[in-house]
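Engineer: the following block contains a protein sequence and its predicted model.
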Protein chains: 2
Amino acid sequence: MSIGNWTERFEGTKALPPEVRRRLQTVAQARTFAKGRQVFGPENVPDSLLFLVEGSIRVSQTSDNGREIVLYRVEAGESCVLTTACMLAEEAYNAEGVAETEVTVVVLPKRAFDALAAEEPAFRNFVFAAYSRRLIDLLRVIDDVAFGRIDVRLAERLLVLAGGDREIAATHAQIASELGTAREVVSRVLNEFQKRGHIAQSRGRIAVIDKPALRALADSA
Amino acid sequence: MSIGNWTERFEGTKALPPEVRRRLQTVAQARTFAKGRQVFGPENVPDSLLFLVEGSIRVSQTSDNGREIVLYRVEAGESCVLTTACMLAEEAYNAEGVAETEVTVVVLPKRAFDALAAEEPAFRNFVFAAYSRRLIDLLRVIDDVAFGRIDVRLAERLLVLAGGDREIAATHAQIASELGTAREVVSRVLNEFQKRGHIAQSRGRIAVIDKPALRALADSA
DNA sequence: GCCGGTCGGTGACAATATCACTGAAGCGCT
DNA sequence: AGCGCTTCAGTGATATTGTCACCGACCGGC
């Protein structure tokens, strides 16, 4: 697939002068990742800013004892600032980004990133806004984990995972790692949901039957 | 107190040309806050970047049901990017910064911030690094809250709060809001620590007796 | 001294996490 | 089809943490 004029797709680049964008197209490299592949991680820090052209990246953190929690998702048209953050701060971290679908990214080398940040206010704003959005996302995660009830969080997450569809293809264990909790907890709460008729389950898949009910539960926080 | 050449104090400004720094001194306004005053909050978003010249700011988040958790502290020489983050992202948030000591800040208006970010690579790096550090801080908070044991976290926090001293002036309720937990939990664990001889307590104050023991506990995660 | 507010202690109970184990479902193989 | 392997989900027991209700001790101002 040709990613041709990817600069069209980003708030931070589409307003740039044509000549700057042409330059970008030459310095930035496109890469693709198959579904399930790691896009970045502790052992695998890219040089600089990632632009996600196509697909979705799940960014999660793993604790020392192996439990995992999903921090946020990077969708097409967004950039992933966590990689640059980890590059700048030398501190240890253990976040990783995994391609949830087939993924196409554009990697902007640090030098080009610096130049662009210096010259183009629109680009600068884009980057700062991206940082800000992630900071806010993380605040939300903290609030949920520290103070949220697990059934409320699960209901909310089911709706997100379902999106417009009715079915979710995910194991209980995967959902548990979305929320940073244990599989057994998810199993028990899902059974509760099933008893109440909100969902139906089969191995590895969940059918959302009563979205309004889940929505009501999710909003009751 | 005169804050005179505050530009000396920050990594992002001390390397700037003298003439730029002189300009900064004229456009940036110094403000002081008494201990306990709110420096920023949901109702009180500053125009732009805050530089903390003197003192310490505790940044915390409050949940809908009134519980609180400390996200991190801004120390002298650092900047507080959360304010700019909140300014850029219109989303609702509920973080606030409270002066833990008497505090002197320099407020850099957005216009000057933009100009400086455009012209000075050193300043830009400083700002990006500040963002990165906070992102990493928040990752740590998430890890602790989601996966950490409360006794371990409390031991660690006691050591931080004690610093070089032996005594901590804080109520159980205050410590609970540091960790995002309930007062009763802190009371019980502190009593446990006392029984083991790690600390001694009196109303509103805690004496850290056996730092090595607490350190061992804190590191046993 | 008394009063009123803050601080800390406690027991009962609820919610969540952990552990150990079980059986069921799918999948490849012959 | 039948067999064995692996993954997935269900369950009870127990530990940890959070919630609720209440109480007495302490401390300040008067």
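Structural biologist: Looks like it arrived, so ask away. Numbering: from 1, shown residues only, chains lettered A, B, ... in the order given.
Engineer: can you tell me the centre-most residue of chain A?
Structural biologist: Among the residues of chain A, the smallest C-alpha distance to the mean C-alpha position (C-alpha atoms, centre = their mean) belongs to A:Arg73, namely 1.1 Å.
Engineer: which residues sit in contact with that residue?
Structural biologist: With contacts defined as C-beta atoms under 8 Å, 6 or more residues apart in numbering or on different chains, A:Arg73 is in contact with A:56-59, A:100. (C-beta placed from N, C-alpha, C; glycine too.)
Engineer: the helix or strand of chain A with the lowest mean pLDDT - contacts with which helices or strands?
Structural biologist: Taking mean pLDDT, DSSP states H and E as the measure, the helices and strands of chain A show their lowest mean at helix A:81-88, namely a mean of 81. If contacts are counted by 3 or more C-beta pairs under 8 Å, 6 or more residues apart in numbering or on different chains; DSSP states H and E, helix A:81-88 sits against strand A:49-54, strand A:95-99, helix A:121-147, helix B:121-147.
Engineer: now the angle between helix B:121-147 and it, please.
Structural biologist: In this structure, helix A:81-88 runs at an angle of 110 degrees to helix B:121-147, with axes from the mean of the first three to the mean of the last three C-alpha atoms, to 10 degrees as the basis.
Engineer: quick check: closest non-adjacent residue to A:Phe128.
Structural biologist: Taking C-beta to C-beta, 6 or more residues apart in numbering or on different chains, and ignoring the residues beside it in sequence, A:Phe128 has B:Leu88 as its nearest neighbour in space, at 5.9 Å.
Engineer: roughly how far does A:Gln38 sit from A:Thr84?
Structural biologist: Summarising the geometry, the distance separating A:Gln38 from A:Thr84, computed by C-beta to C-beta, to the nearest Å, is 17 Å.
Engineer: one step back: tabulate the contacts of A:Arg73 in TSV, adding columns for neighbour count and pLDDT.
Structural biologist: As requested, the contacts of A:Arg73 are arranged in TSV below (neighbours: other C-beta atoms under 10 Å in any protein chain shown; pLDDT from 0 to 100):
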residue	neighbour count	pLDDT
A:Ser56	17	95
A:Ile57	26	96
A:Arg58	18	96
A:Val59	20	96
A:Glu100	16	94
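Engineer: overlap between these and the residues near chain B?
Structural biologist: By C-beta under 8 Å from any C-beta of the partner chain, no member of the contacts of A:Arg73 lies near chain B.
Engineer: out of those residues, which one sits closest to B:Ser202?
Structural biologist: Using C-beta to C-beta, the shortest approach to B:Ser202 within the contacts of A:Arg73 belongs to A:Val59, at 45.6 Å.
Engineer: my read is that that closest one contacts A:Thr83, right?
Structural biologist: No: using C-beta atoms under 8 Å, A:Val59 is not in contact with A:Thr83, being 9.5 Å away.
Engineer: quick one on the thing from earlier: nearest to B:Ala173 among the helices and strands packed on helix A:81-88 would be which one?
Structural biologist: Nearest to B:Ala173 among the helices and strands packed on helix A:81-88 is helix A:121-147 (16.0 Å), distances taken as C-beta to C-beta.
Engineer: so which elements touch the helix or strand following the closest one?
Structural biologist: Using DSSP states H and E, the next helix or strand after helix A:121-147 towards the C-terminus is helix A:150-162. Packed against helix A:150-162 by the contact rule (3+ C-beta pairs under 8 Å, 6+ apart) you find strand A:167-169, helix A:172-179, helix A:183-195, strand A:205-208, helix A:211-219.
Engineer: among these, which is the most enclosed?
Structural biologist: Among the helices and strands packed on helix A:150-162, helix A:172-179 has the highest mean neighbour count (mean count of other C-beta atoms under 10 Å in any protein chain shown), at a mean of 20.
Engineer: now the angle from that one to helix B:121-147?
Structural biologist: 130 degrees.
Engineer: what residues does helix A:172-179 touch?
Structural biologist: Counting by C-beta under 8 Å, 6+ apart, helix A:172-179 makes contact with A:60, A:67-70, A:150, A:153-154, A:157-158, A:161, A:182-183, A:185-187, A:190, all of which sit outside it.
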